[in-house]
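S.K.: Pasting the sequence and the predicted coordinates here, then a few questions.
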Amino acid sequence: MRRGALTALVVAGVLAAAGCSKGADKAQPQIPTSLCGVTVDPDVLRPVLVPGDAVATSGANSRCGVQVDGKSILSLQSAPYPASKDYRATWDWQMPHGTPVSIGDEGRAVDTFVSAARKCKVGAENRIFVASVERFSTQGGDAAARKEALTRFTAAYFPAAQKAAGCTA
């Protein structure tokens, strides 16, 4: 009789544990702390991403990306260019209705794309450092909220990316 009672107790415990785990929240995916070789704040990156079960990164150095559940969501690109580069012409076709943002010497943003530029030196050469962050999804919030989150992330990412590129003021 004791053996039967013990078995019943074990079975009841297993069933109770199984029932409790069905309603348990899924673990949140791990948000990257580094992109393109630059440390990033996961709390600033998280609002830019879309919900999903798995977050992965690809690429390195001046060009990289973030995928959520296997879909590309974010692309980052940065580099010091010759000081004569006309980055505004690129912005004109990428963000014809972009609004100015306070990142670097000059920045422009829309809800899916933010880019900024700053004059700098690499060694003794005058350069212009340009960083761009593109979001490939319009999922999540309205356009103003997406633009604010992407701008906030880019403002945090820009100085670290500039430093990593060897661009000094």
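M.R.: That came through fine. Bear in mind the structure is a predicted one, so any value in this text is a computation, not a measurement.

S.K.: Show me the beta-bridge partners of Thr57.
M.R.: Val66 (DSSP bridges).

S.K.: My guess is it contacts Val38. True?
M.R.: No. The pair Thr57 and Val38 fails to qualify as a contact (C-beta atoms under 8 Å) at a distance of 11.6 Å. Glycine gets a C-beta too; all of them are placed from N, C-alpha and C.

S.K.: of the two, who's got more company?
M.R.: The neighbour count for Thr57 versus Val38, taken as other C-beta atoms under 10 Å, is higher for Val38 (22 against 15).

S.K.: Low-confidence stretches in the protein?
M.R.: 1-27 (pLDDT under 70).

S.K.: which stretches of it form strands?
M.R.: Along the chain, the segments classed as strands by DSSP state E run 34-35, 38-39, 55-60, 63-68, 71-82, 99-101, 106-110, 113-122, 125-135.

S.K.: so can I have TSV of those showing distance to Ala155?
M.R.: Below are the strands of the chain laid out as TSV (distance: least, C-beta to C-beta, whole Å):
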stretch	distance to Ala155
strand 34-35	14
strand 38-39	13
strand 55-60	20
strand 63-68	17
strand 71-82	13
strand 99-101	8
strand 106-110	8
strand 113-122	8
strand 125-135	10
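
S.K.: Would you mind measuring from the residue nearest the centre of the chain to Val66?
M.R.: By C-alpha atoms, centre = their mean, the chain has its centre lying nearest to Leu45, at 4.4 Å. According to C-beta to C-beta, to the nearest Å, Leu45 stands 8 Å off from Val66.

S.K.: how about Pro32, what does it touch?
M.R.: Val40, Pro42, Leu45, Val55, Thr57, Val66 (C-beta atoms under 8 Å, 6 or more residues apart in numbering).
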